[in-house]
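[1] Quick one: sequence and predicted model below, then my questions.
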Amino acid sequence: MKNNKDILKWFENELGEEEFSELKQSENFETLEKIAHYAKHMKAPEVNPQDALMAFKKRNLNKKSPKVIDFNFKTIIKVAAILVVMLTSSYFLFFNNDLSFETEIAQTETLTLPDGSEVILNAASNLHYNKKEWASHRFLELEGEAFFKVQKGEKFTVNTSSGTVQVLGTQFNVKRRVNYFEVQCYEGLVAVTYDKKTVKLPPGKSFRVVNNTIQLVDDFEAEKPSWMQNESSFNKVPLREVVSELQRQYNINVKLENVEEDLLFKGAFTHENLEIALKSITIPLDLNYKIEGKHVVLYRK
């Protein structure tokens, strides 16, 4: 490398092809690339590398120590690394207000939102919101399933890739899985927007969409979702969704042999015993099952 200016020019994308080729031959080029990568993705205030370097030199030259500082290649790397660490820390402390939560297979998690509202995430679900904007904009993004107990206040919105749910203060459950979207109201009034149309649900009513088709669902009387009591219940739900939930609760792989995945199932299964759960599903549908380690097969008798 000719001089330290080459490094600064490279950070600013002003290095020529010949100079860049020479820089790449340096033994520390890989470290420089990592520093540039992280700095590029920062959403923190911009920092001019030339100004930062000059300020660093000035602070050290003003010290009483007569020692002359040699700004070689390794010194520049250290300075740049320190700047990246400082920018990263300040970004996450002062600028990043997006909070995300995620549950694994067979896991649930209870969250308390800034306004005191409560969210319980079912297995294999994720949720995020902006903490800074929460006081004026109660808005969350959800993929998976969650039960909400909302404190009264400003409009509370749960957005999913299938539809949007809005309330002021109530209790409701939202389930968004592949080709499946369902909202159940347990208290208050819930407004569900799907395909640019809004439906209002009073307590005991459900809104369900399967394969992009809105379905009529019977009323329910439960005070809370069954999954919060370690049980999954279904009311005329396609077998493929029942199987998907079984996989999420037991961390298994289920295969259907000569069984229609659109076969409707009405019933429930426990989250605490796989054998009992499988019997609860197969007996009403007149099916058999076999377990091979983490693999389960459902088949016709």
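    That came through, no problem.
[2] What is the neighbour count of the nearest residue to residue 263 once chain neighbours are set aside?
    Spatially, and ignoring its direct neighbours in sequence, residue 263 is nearest to residue 239 (4.5 Å; C-beta to C-beta, 6 or more residues apart in numbering). The way it works is simple: take the backbone N, C-alpha and C, and place the C-beta from them, glycine included. Other residues within reach of residue 239, judged by other C-beta atoms under 10 Å, total 21.
[3] doesn't residue 236 fall inside a helix?
    No - read with DSSP: H, G, I helix; E, B strand; the rest coil, residue 236 is strand and lies in no helix.
[4] Count the neighbours of it for me.
    13.
[5] Can you name the residues in contact with the host helix or strand of residue 232?
    Counting by DSSP states H and E, the element that carries residue 232 is strand 231-238. For strand 231-238, the external contacting residues (C-beta atoms under 8 Å, 6 or more residues apart in numbering) are 210, 217-218, 220, 226, 241-242, 245-246, 249, 261-271.
[6] try 7 Å this time
    210, 217-218, 226, 242, 245, 249, 261-262, 264-271 (C-beta atoms under 7 Å, 6 or more residues apart in numbering).
[7] repeat for stretch 126-140
    With C-beta under 7 Å, 6+ apart as the test, stretch 126-140 has contacts from 97-102, 114-115, 119, 121, 141-144, 146, 154-159.
[8] low pLDDT regions in this structure?
    Flagging of the chain using pLDDT under 70 yields the residue ranges 1-18, 20-21, 23-96.
[9] hey, where'd the helices end up in it?
    4-11, 17-24, 29-40, 49-61, 73-90, 239-250, 274-285 (DSSP state H).
[10] returning to what we had before: are any of the contacts of strand 231-238 buried, and which?
    210, 226, 242, 245, 249, 265, 268, 269, 270, 271 (16 or more other C-beta atoms under 10 Å).
[11] Most widely separated two among those?
    210 and 270 (24.0 Å; C-beta to C-beta).
[12] quick one: strands adjacent to the longest strand belonging to the chain?
    With secondary structure taken from DSSP state E, the chain has its longest strand at strand 138-149. The strands beside strand 138-149 in its sheet (DSSP bridges) come out as strand 118-121 (antiparallel), strand 126-130 (antiparallel), strand 156-159 (parallel), strand 171-177 (antiparallel).
[13] tilt between the last one and helix 239-250?
    Angle between the axes of strand 171-177 and helix 239-250 is 100 degrees (criterion: axes from the mean of the first three to the mean of the last three C-alpha atoms, to 10 degrees).
[14] related to what we said a few turns ago, I'd say the residue nearest to residue 263 and residue 254 touch.
    No - counting by C-beta atoms under 7 Å, residue 239 does not reach residue 254; the two are 10.0 Å apart.
[15] Any buried residues in stretch 113-128, and which?
    Quick answer for stretch 113-128 (16+ other C-beta under 10 Å): 113, 117, 119, 120, 121, 122, 123, 124, 125, 127.
[16] Ignore what I typed, I meant stretch 246-265.
    246, 247, 248, 249, 250, 252, 254, 256, 259, 265.
[17] likewise stretch 202-214?
    For stretch 202-214, by 16+ other C-beta under 10 Å, it's 203, 205, 206, 207, 208, 209, 210.
[18] Dump the residues you listed to JSON lines, plus distance to residue 290.
    Listed next are the buried residues of stretch 202-214 as JSON lines, based on distance: C-beta to C-beta, whole Å:
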{"residue": "203", "distance to residue 290": "42"}
{"residue": "205", "distance to residue 290": "39"}
{"residue": "206", "distance to residue 290": "34"}
{"residue": "207", "distance to residue 290": "37"}
{"residue": "208", "distance to residue 290": "31"}
{"residue": "209", "distance to residue 290": "33"}
{"residue": "210", "distance to residue 290": "28"}
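[19] Thank you kindly, that will do.
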